[in-house]
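S.K.: turn this into a model:
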Amino acid sequence: MTETIAEMRLPTTELRDDLPFFTKTLGMRLDMIYPADNPQVAVFSGHGLRVRVENGASEPPGTIRILTDDPDGFANGARRLTAPNGTTVEIDERNPPMLLPQTQHAFVVKRLADQAPWIIGRAGMQYRDLIPSRLGGSIIASHIRIPDGGPVPDMVHFHKVGFQLIFCYRGWVDVVYEDQGPKMRLTAGDCFIQPPEIRHRVLEASDNVEVIEIGVPAEHVTEIDHEMELPTPTLRPDREWQGQRFVFNKAKTAEWHPFRLPGYRSRDTTIAANTKGVAGVQVVRRGEGAPRWAAHDTDILFTFVMEGEVTLEGEGKEPYRLTAGDAFVIPPGMKTRLAEPSADVELLEVSLPGVFKTTLAD
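M.R.: Sure, this is the predicted structure:
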């Protein structure tokens, strides 16, 4: 087997000045230097990087980022350095704490008929943004589709995220998860919650599969795990990741109960219980009685219209007749009413946190 080595080349005008910086300040190893009588090239390795510093090289100095578990103990606590050759070196945390932006509350209505463009995202999947403002970066809601089914070019990966929901809207998709047994097929009406950093891989999908994916915060990192193979040999259904359990909720075994709003019924996906109240997810249908005006006190309340029609009325707003594919966000304290629901209406409601108060208007 042929061995290959990759190097990043950086310029210099005086190699002798760079030697102590790369070896002592950055703690890299000197692997090669030549010619002996008047060195013009030095190769250093360390921190997962191999650097070739060459006198007279035409490239710009560039930037090196070093990620460490102890940034304050590296390079005497400096977070930004400049090498003698002009290369900038940034020192940062290897696993920085996840920051949840403060929600910028807004009344949002996003219609499928607006024909916003579908964007090609990770693994060739098509994404449609359901909350363009993302409420100040606090949440992302995506309508995702794969027109042509079959194997999905995915890798074992995980997300550094506070909460993530995958709800199957149309078709089916096969996914395998760390410590959760063999592959599972998510069909229309089913959902997963992916606890923070659980390893998983999308295997295969039906033609025209569509899912709704909710992520908190809006911008979060996806990392590839090149070492783990799925499925893993152990089955650990009670395992927790940062206080959250994996949930596979199936529509066909659902129990329906009166919803928090009169005129509707719902099935609880058990996500509030399994995330210790981080988020709640309900599927909502037409029930008994007349819809009423109401307000809520939760931080984020997102709804996606899966089937049928309903009129969203809000205080001080023109009514919106919503149909399948539309989505809306209701800010806390705002009075609204879901009026004139069709007999086949079906809604997906996601709240953060999962337990909150609803106040019905007199």
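S.K.: V355: neighbour count?
M.R.: Applying other Cβ atoms under 10 Å, we find 13 residues neighbouring V355. To be clear about C-beta, it is placed using only N, CA and C from the backbone, and glycine gets the same treatment.
S.K.: what mean pLDDT does stretch 353-362 get?
M.R.: Mean per-residue pLDDT for stretch 353-362: 93.
S.K.: mind listing what's buried along that stretch?
M.R.: 353-354, 356 (16 or more other Cβ atoms under 10 Å).
S.K.: in its sheet, what does the helix or strand encompassing E210 sit against?
M.R.: Using DSSP states H and E, the element containing E210 is strand 209-216. Its sheet considered, strand 209-216 pairs with strand 140-146 (antiparallel), strand 163-170 (antiparallel) by DSSP bridges.
S.K.: can I get the next helix or strand after it in CSV, CA atoms only?
M.R.: Sequence order places strand 221-224 as the next helix or strand after strand 209-216, per DSSP H and E. The C-alpha coordinates for strand 221-224 follow below in CSV (Å, rounded to 0.1, in the frame of the first residue of the first chain):
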residue,chain,number,x,y,z
VAL,A,221,-22.2,22.0,14.1
THR,A,222,-22.4,18.7,12.4
GLU,A,223,-19.4,16.4,12.9
ILE,A,224,-18.4,13.2,11.1
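S.K.: report how many residues lie close to I214.
M.R.: Neighbours of I214 (other Cβ under 10 Å): 26.
S.K.: ok, now G308?
M.R.: Counted with other Cβ under 10 Å, residues neighbouring G308 total 17.
S.K.: still on that earlier bit, mean neighbour count added to the strands paired with strand 209-216, as a markdown table?
M.R.: A markdown table is the format used below for the strands paired with strand 209-216 (neighbours: other Cβ atoms under 10 Å):
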| stretch | mean neighbour count |
| --- | --- |
| strand 140-146 | 21 |
| strand 163-170 | 21 |
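S.K.: and those, which one's lowest on average pLDDT?
M.R.: Lowest mean pLDDT within these: strand 140-146, a mean of 93.
S.K.: show me what contacts the closest residue to A141 other than its chain neighbours?
M.R.: Distances taken as Cβ to Cβ, 6 or more residues apart in numbering place L130 nearest to A141, at 4.0 Å, with adjacent residues excluded. L130 makes contacts with 110, 141-143, 212, 302, 304, 327, as judged by Cβ atoms under 8 Å, 6 or more residues apart in numbering.
S.K.: could I get these as JSON lines with distance to D174?
M.R.: Listed next are those as JSON lines, based on distance: Cβ to Cβ, whole Å:
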{"residue": "K110", "distance to D174": "29"}
{"residue": "A141", "distance to D174": "23"}
{"residue": "S142", "distance to D174": "20"}
{"residue": "H143", "distance to D174": "20"}
{"residue": "I212", "distance to D174": "18"}
{"residue": "F302", "distance to D174": "26"}
{"residue": "F304", "distance to D174": "23"}
{"residue": "A327", "distance to D174": "26"}
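S.K.: kindly indicate which of the residues you listed lies nearest P117.
M.R.: Using Cβ to Cβ, H143 comes nearest to P117 of the contacts of L130, at 12.1 Å.
S.K.: A290: how many residues sit nearby?
M.R.: When counting by other Cβ under 10 Å, one arrives at 8 neighbours for A290.
S.K.: I'd say it and P262 touch.
M.R.: Yes - counting by Cβ atoms under 8 Å, P262 is a contact partner of A290 at 6.6 Å.
S.K.: and the strand or helix carrying V51, what does it pack against?
M.R.: For V51, the host element (DSSP H and E) is strand 49-55. Counting contacts by 3 or more Cβ pairs under 8 Å, 6 or more residues apart in numbering; DSSP states H and E, strand 49-55 is packed against strand 8-12, helix 15-20, strand 41-46.
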